[in-house]
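Enquirer: please work out how this folds:
(chains A, B, C and D, ligands or ions: 4)
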Number of protein chains: 2
Amino acid sequence: MGLDKYIEMLKTKGLKVTQHRLEIMKYLDNNRTHPTLDQVYLYMKEKFPSISKMTVYNVIDSLISSRIINSMRFVNSTELHVDFDNKTHFHFVCGKCGEIYDLDSDLDLQELLKKEGHEAEDYNVNIYGTCGKCAKK
Amino acid sequence: MGLDKYIEMLKTKGLKVTQHRLEIMKYLDNNRTHPTLDQVYLYMKEKFPSISKMTVYNVIDSLISSRIINSMRFVNSTELHVDFDNKTHFHFVCGKCGEIYDLDSDLDLQELLKKEGHEAEDYNVNIYGTCGKCAKK
DNA sequence: TTCTTAAATTATAATCATTACATTATTGGA
DNA sequence: TCCAATAATGTAATGATTATAATTTAAGAA
Ligand SMILES: [Mn+2]
Ligand SMILES: [Mn+2]
Ligand SMILES: [Zn+2]
Ligand SMILES: [Zn+2]
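Expert: Residues are numbered from 1 along each chain as shown, chains lettered A, B, ... in the order given. Ligands and ions are numbered 1, 2, ... in the order given. The predicted structure is shown next:
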């Protein structure tokens, strides 16, 4: 059922292939809603009723460390959010409905950082405001 | 001792002027290190040994809500950080030493958001990597 | 295939940040 | 000075994350 893609990604990173990792990767790949760990856990519990929440923490942790997925925190939330899309893009968080929108960008950090001597590995751009839908109301 | 500036800011926003608010504002103005609430609390306890941590939460909350200060969260930290500088700028977080650097920017969000119909009120740009100092070692 | 070991999963407890709430004190205007 | 709204306090509760130790599993070697 098309898990080869995920198996390949794990092997490339030298991570062991487990059912939990594959299922979480598939879920995140098909649900680009920037879920919290708890949301991932609730989904996983449906499929694996005996799963431990710690497994979700561990899986997410290994996927982030190996750069398979991205993570972000927003000022209005106390939880870590994750995103299967690890191509750099911006996020817009609506303060009214809470929806998190993806925004494309062509921001070039390298030039900005070069003169400072810093080496960037990753970044988050979080924009807060009122989304188009909510603005109309 | 130059508190007029802060008194003025509070009055402009319709907030009551209290010793705690003034002291926290002065502290944040003079310490642009993006402290956590706990760091602000530890400082305040020196000056006001009987202060409640809740007061720090409340003060910070009112300063953020009135847009006098900015706040941000980083993926590697579970705590809210605050910044007296509310002019938009970027932050670079060094994964080695933990230092948070300010970076100037001329990012224009308006154009980016216009076509999506979103209305931005604020944003955070958090860049993660290794800072110049740590890179040399 | 079986053995071996490092890595992953689990369960539980502990810690840390934040929120809720009820009480008391203070600010700023009448 | 007096009053009402707001701020500060103390305590308890909640929620997210981390720590730890025991058990199970993945995957390579024999
Ligand atoms: Mn995204
Ligand atoms: Mn700053
Ligand atoms: Zn919205
Ligand atoms: Zn550094």
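
Enquirer: contact residues of chain A facing DNA strand C?
Expert: Proximity of chain A to DNA strand C, by Cβ under 7 Å from any atom of the strand, involves residues A:15-16, A:18-21, A:48, A:50-55, A:58-59, A:62, A:78. From N, CA and C alone the C-beta is placed, and that goes for glycine too.

Enquirer: same thing but 6 Å
Expert: Within chain A, the positions lying close to DNA strand C (Cβ under 6 Å from any atom of the strand) are A:15-16, A:18, A:20-21, A:50-52, A:54-55, A:58-59, A:62, A:78.

Enquirer: emit the PyMOL select command for whichever of the residues you listed are buried.
Expert: To isolate the buried members of the residues of chain A next to DNA strand C in PyMOL, using 16 or more other Cβ atoms under 10 Å in any protein chain shown:
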select buried, chain A and resi 15+20+21+51+55+59+62
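
Enquirer: now do the contacts for the residue nearest the centre of chain A.
Expert: Centroid-nearest residue in chain A: A:D83, 1.7 Å away (criterion: Cα atoms, centre = their mean). A:D83 makes contact with A:L28, A:R32, A:H34, A:I69, A:N70, A:S71, A:M72, according to Cβ atoms under 8 Å, 6 or more residues apart in numbering or on different chains.

Enquirer: and it, what are its bridge partners?
Expert: Counting by DSSP bridges, A:D83 is bridged to A:N70.

Enquirer: pLDDT score for it?
Expert: Predicted confidence (pLDDT) at A:D83: the value is 98.

Enquirer: if we can go back for a sec, turn the residues of chain A next to DNA strand C into a markdown table, including secondary structure, pLDDT and distance to B:Y128.
Expert: Listed next are the residues of chain A next to DNA strand C as a markdown table, based on DSSP: H, G, I helix; E, B strand; the rest coil; pLDDT from 0 to 100; distance: Cβ to Cβ, whole Å:
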| residue | secondary structure | pLDDT | distance to B:Y128 |
| --- | --- | --- | --- |
| A:L15 | coil | 98 | 21 |
| A:K16 | coil | 98 | 26 |
| A:T18 | coil | 98 | 27 |
| A:H20 | helix | 98 | 27 |
| A:R21 | helix | 98 | 24 |
| A:S50 | coil | 96 | 35 |
| A:I51 | coil | 98 | 30 |
| A:S52 | coil | 98 | 29 |
| A:M54 | helix | 98 | 25 |
| A:T55 | helix | 98 | 26 |
| A:N58 | helix | 98 | 21 |
| A:V59 | helix | 98 | 21 |
| A:S62 | helix | 98 | 18 |
| A:T78 | coil | 98 | 20 |
